[in-house]
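**Q** coords below, sequence missing:
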């Protein structure tokens, strides 16, 4: 009798384990695959960005030959079209309010006078460039680092002093020879020059159609002693 009871108990345990295994396997079969992560950047996008900017020259304001200022604040915008997700071509334009320094010199050799003074003028300096952007949207995140480069024209700066040499009596000394008086009489108009740009930054998408961009670029202006850095930050709209 005892052997029969033991056999029945053993059979019951084995049946319970087998039933439990079948139940667990059934639950495994019913598991649902996780949904795909959201994509914040599209393969083909048209982007419009609005940003504020700060520029600073690589030289002291007395030595800079284009901006003629240590720094300036302003803003700009750009349009880009991205294709195949990673590459974009576009155009950008910006303008800054530069408080430019002007040098005024007066020398009178006959009376031993030497005067050198500076005054400031606020002028708008701006640029228009064509750009190429390479970005790398990080999968399943809102982040996309990018690098960019471009070329175009800059305008509004590059003014030069106009100096005059004179002899006693008010006659102009040719070539500055035999002069008694040397003085600044004005400044030239601004010049438009070629420029290039390289930089990099990061975009963070708030939604698939709105992002925040921040970047830094170094800008090369035709001529010497006139390159400058630019920091930008603003909002980007993707369509």
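**A** In hand now; what should we look at? These figures come from a predicted structure and were not determined experimentally.
**Q** give the buried residues for stretch 215-232.
**A** Neighbour counts over stretch 215-232 (16 or more other CB atoms under 10 Å) mark 215, 217, 219, 221, 226-228, 230-232 as buried. C-beta coordinates here come from the backbone N, C-alpha and C atoms, glycine included.
**Q** tell me the one of those nearest residue 142?
**A** residue 215 (16.4 Å; CB to CB).
**Q** what pLDDT is listed against the closest residue to the closest one other than its chain neighbours?
**A** Counting by CB to CB, 6 or more residues apart in numbering, residue 201 is the residue found nearest to residue 215 once chain neighbours are left out, at 2.3 Å. pLDDT for residue 201: 98.
**Q** which parts of the helix or strand containing residue 201 are buried?
**A** Under the criterion DSSP states H and E, the helix or strand holding residue 201 is strand 191-207. For strand 191-207, burial by neighbour count (16+ other CB under 10 Å) applies to 191, 193, 195-197, 199, 201, 203, 205.
**Q** go through these and name the one nearest residue 50.
**A** residue 203 (13.5 Å).
**Q** check contacts around residue 66.
**A** If you count contacts by CB atoms under 8 Å, 6 or more residues apart in numbering, residue 66 has them with 125, 154, 157-158, 191, 193, 221, 223, 226.
**Q** helix, strand, or coil at it?
**A** coil (DSSP: H, G, I helix; E, B strand; the rest coil).
**Q** now it: phi and psi?
**A** phi -130, psi -60 (degrees, to the nearest 10).
**Q** how far out from the middle of the chain is stretch 224-233?
**A** In terms of CA atoms, centre = their mean, to the nearest Å, the centre of stretch 224-233 is found 10 Å from the chain centre.
**Q** what do you get for stretch 33-51?
**A** Using CA atoms, centre = their mean, the offset of stretch 33-51 from its chain centre is 21 Å.
**Q** how about that stretch: buried residues?
**A** Buried, per 16+ other CB under 10 Å, within stretch 33-51: 40-41, 45, 47, 49, 51.
**Q** right, and the helix or strand after the helix or strand residue 127 falls within?
**A** For residue 127, the element it lies in under DSSP H and E is strand 113-135. Note on strand 113-135: by DSSP H and E, the next helix or strand toward the C-terminus is strand 143-157.
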